[in-house]
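>>> Quick one, fold the following:
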Amino acid sequence: MSAKARDRLLYLISPIALLLVWELLLRNGFGDRRFIPAPSDIALRFWQLALNGELLAHTFATVVRAAAGFVIGVVPAIAIGLAMAMWRPMEIYLYDWWPLRRRQRILKKLSHMPVEVRKQK
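Next up is the predicted model:
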């Protein structure tokens, strides 16, 4: 068996072995299933939620919230970017005001400060 094939086999077996050890430990009383559910409990609950449609509904709600957050962030960013591109005073004001730019200026000044390293006695 080549080293590449062995590595691929290890990549496949490692997560499966981890899940088996996790399951066996919980079945033998190590840990509390209320706080750390077994992989079989998770798979069973996933299957139940998928069959009754609840998983799809919650997944849809999550995707809608993520898309709304993306839009809430992107629309003002595009508007500010266009304003900076089309109007020079806005670019001058925002470029110097922008927190990341301000931090860059401070770090640039700090990077040119002399540093003295002393040996401790």
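
>>> Okay, buried residues for stretch 81-95 please.
Met84 (16 or more other C-beta atoms under 10 Å). (C-beta placed from N, C-alpha, C; glycine too.)

>>> Just checking the distance from that stretch to the centre of its chain.
Centroid displacement of stretch 81-95 relative to its chain, using C-alpha atoms, centre = their mean, to the nearest Å, is 31 Å.

>>> mind saving the C-alpha coords of it as CSV?
Presented in CSV, the C-alpha positions along stretch 81-95 are these (Å, rounded to 0.1, in the frame of the first residue of the first chain):
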residue,chain,number,x,y,z
GLY,A,81,-18.2,52.6,-2.1
LEU,A,82,-20.1,54.2,-5.0
ALA,A,83,-20.3,57.5,-3.1
MET,A,84,-16.5,57.4,-2.5
ALA,A,85,-15.8,56.5,-6.1
MET,A,86,-18.0,59.3,-7.6
TRP,A,87,-17.5,62.2,-5.1
ARG,A,88,-13.9,63.2,-4.2
PRO,A,89,-14.8,65.0,-0.9
MET,A,90,-16.6,61.8,0.3
GLU,A,91,-13.5,59.7,-0.5
ILE,A,92,-11.2,62.1,1.3
TYR,A,93,-13.4,62.2,4.4
LEU,A,94,-14.2,58.4,4.6
TYR,A,95,-10.7,57.3,3.7
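
>>> mind showing which ranges of this structure have poor pLDDT?
Scanning the chain for pLDDT under 70 picks out the ranges 95-102.
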